[in-house]
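> fold the following for me, if possible:
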Amino acid sequence: MKPIRIPLFGGQLSSGMPSLLVRLVLAFATTGSAALVRAAESPISPKPTIVLVHGAFADSSSWNAVITKLLAHGYPVVAVANPLRGLRTDADYVSRVFQTIPGPVIAVGHSYAGSVITNAAVGNANVAALVHVAGFAPDVGETAFDLSGRFPGSTLGAALAPPVTLPGGDKDLYILQDRFPAQFARDVPEREARVMAAAQRPIAESALKEPAAQPAWKSIPSWFIFGSLDKNIPEAALLFMANRANARETINVKGASHVVMISHPDAVVKLIEKAAASAAKKPVVAAAGQ
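Presented below is the predicted three-dimensional model:
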């Protein structure tokens, strides 16, 4: 068999090449660039990336059960290490994370991180939905401190440990370890709650008192889920914020604590997937700066 000359490649394919490769190259040569054009025009609809942002007194491991289920369902997931240093600082950092992700993003924030995602999403056109997991949804000028105290029911203040003084006069806040299970995670197994207490990350006091900027929940669809026995953010406050944000859906898990994503991960994942399904109906938008 004589060598096959294919001008497109400017070379020759010898008869010794695997037959499958020869057939593939011949197919490409006969169809020409039209195949490439059709491939480029084919719509690509990947599942949106789920960006999980933890709140105060926690870390990214608080999302472990949710992450496991989302990955099993085929979603790309990013669990952000929230700095917990200040609302503007934290929102700017999370915003920069959004900008690294091509395609649509579902921003999920727990507790204080609810404030973070709704500030970080502003100006990032790829953020298609917000999911507040026992999370704040402040309006302009509101603080997490003010919102948690607007309605009765929070016992967080009495459960805080002596603060750690920082340079410049700010303070780092922790929950007393012996109070942590009942305050933060009362529906989590005791042994797990005590590990969480030992590993908790502090939040700067000023972050809880920093006024929010323009919120994304006024322009981006929002979903809410929280527990009826939340001792950090009162149930009434969470209902108020969900109603004000015209939430697409609000789930109140009866008997659940502040860490509803740990004690009821299935319910949280189900709501995230509803938000993702809604986002999938919209055109894919590139991240800012992409």
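
> count of residues packed around Ser278?
Neighbour count for Ser278, taken as other C-beta atoms under 10 Å: 17. In this view, the C-beta of every residue, glycine as well, is placed from N, C-alpha and C.

> got the buried residues for whatever helix or strand it lives in?
Secondary structure assignment for Ser278, by DSSP states H and E: helix 265-280. Neighbour-count burial for helix 265-280 flags Pro265, Ala267, Val268, Val269, Leu271, Ile272, Glu273, Lys274, Ala275, Ala276, Ser278, Ala279 (criterion: 16 or more other C-beta atoms under 10 Å).

> contacting residues around stretch 59-67?
52, 54, 77, 79-81, 110, 196, 199-201, 259, 261-262, 265, 268-269, 272 (C-beta atoms under 8 Å, 6 or more residues apart in numbering).

> got the residue ranges for the helices in the stretch 101-250 of the chain?
For the stretch 101-250 of the chain, applying DSSP state H, counting those that start in this stretch gives helices covering 112-120, 144-149, 156-159, 180-184, 190-199, 205-208, 235-244.

> in TSV: these, plus mean neighbour count.
Listed next are these as TSV, based on neighbours: other C-beta atoms under 10 Å:
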stretch	mean neighbour count
helix 112-120	30
helix 144-149	20
helix 156-159	15
helix 180-184	21
helix 190-199	15
helix 205-208	21
helix 235-244	19
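
> between those helices, which gets nearest to Pro138?
Comparing the helices of the stretch 101-250 of the chain by their distance to Pro138 (C-beta to C-beta), the top pick is helix 112-120, with 5.3 Å.

> can you list contacts of that closest one?
In contact with helix 112-120 (C-beta under 8 Å, 6+ apart) are residues 51, 53-56, 82, 84, 87-88, 90-95, 98, 107-109, 130, 132-138, 144, 203, 207-208, 212-217.

> of those, grab the buried ones for PyMOL.
To isolate the buried members of those in PyMOL, using 16+ other C-beta under 10 Å:
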select buried, resi 51+53+54+55+56+82+84+87+90+91+93+94+95+98+107+108+109+130+132+133+134+135+136+137+138+144+203+207+208+212+213+215+216+217
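
> re the thing from before, what's the helix holding Ser278 packed up against?
The contact analysis (3 or more C-beta pairs under 8 Å, 6 or more residues apart in numbering; DSSP states H and E) places helix 265-280 against helix 64-72, strand 105-110, strand 127-133, strand 222-227, strand 249-253, helix 260-263.

> out of everything not next to it in sequence, what's closest to Gln183?
Nearest residue to Gln183, sequence neighbours excluded (C-beta to C-beta, 6 or more residues apart in numbering): Ala159, at 4.2 Å.

> below-threshold pLDDT in this structure: ranges please.
1-45, 282-290 (pLDDT under 70).

> give me the domain ranges for it.
4-41, 49-280 (automatic domain parsing).

> between the helix holding Ser278 and helix 64-72, what angle do the directions make?
Per axes from the mean of the first three to the mean of the last three C-alpha atoms, to 10 degrees, the angle that helix 265-280 makes with helix 64-72 is 50 degrees.

> use 26 as the first number for this chain going forward.
Done: numbering now begins at 26, and the last item shifts to helix 290-305.

> convert helix 290-305 to CSV, retaining C-alpha atoms only.
Extracted C-alpha coordinates of helix 290-305, given in CSV (Å, rounded to 0.1, in the frame of the first residue of the first chain):
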residue,chain,number,x,y,z
PRO,A,290,-27.6,18.2,54.3
ASP,A,291,-30.2,16.5,52.1
ALA,A,292,-32.6,19.4,52.5
VAL,A,293,-29.9,21.9,51.8
VAL,A,294,-28.7,20.1,48.7
LYS,A,295,-32.2,19.8,47.4
LEU,A,296,-32.7,23.6,47.7
ILE,A,297,-29.3,24.3,46.1
GLU,A,298,-30.3,22.1,43.2
LYS,A,299,-33.5,23.9,42.8
ALA,A,300,-31.6,27.2,42.5
ALA,A,301,-29.2,25.5,40.1
ALA,A,302,-32.1,24.2,37.9
SER,A,303,-33.5,27.7,37.7
ALA,A,304,-30.1,29.1,36.7
ALA,A,305,-29.7,26.5,34.0
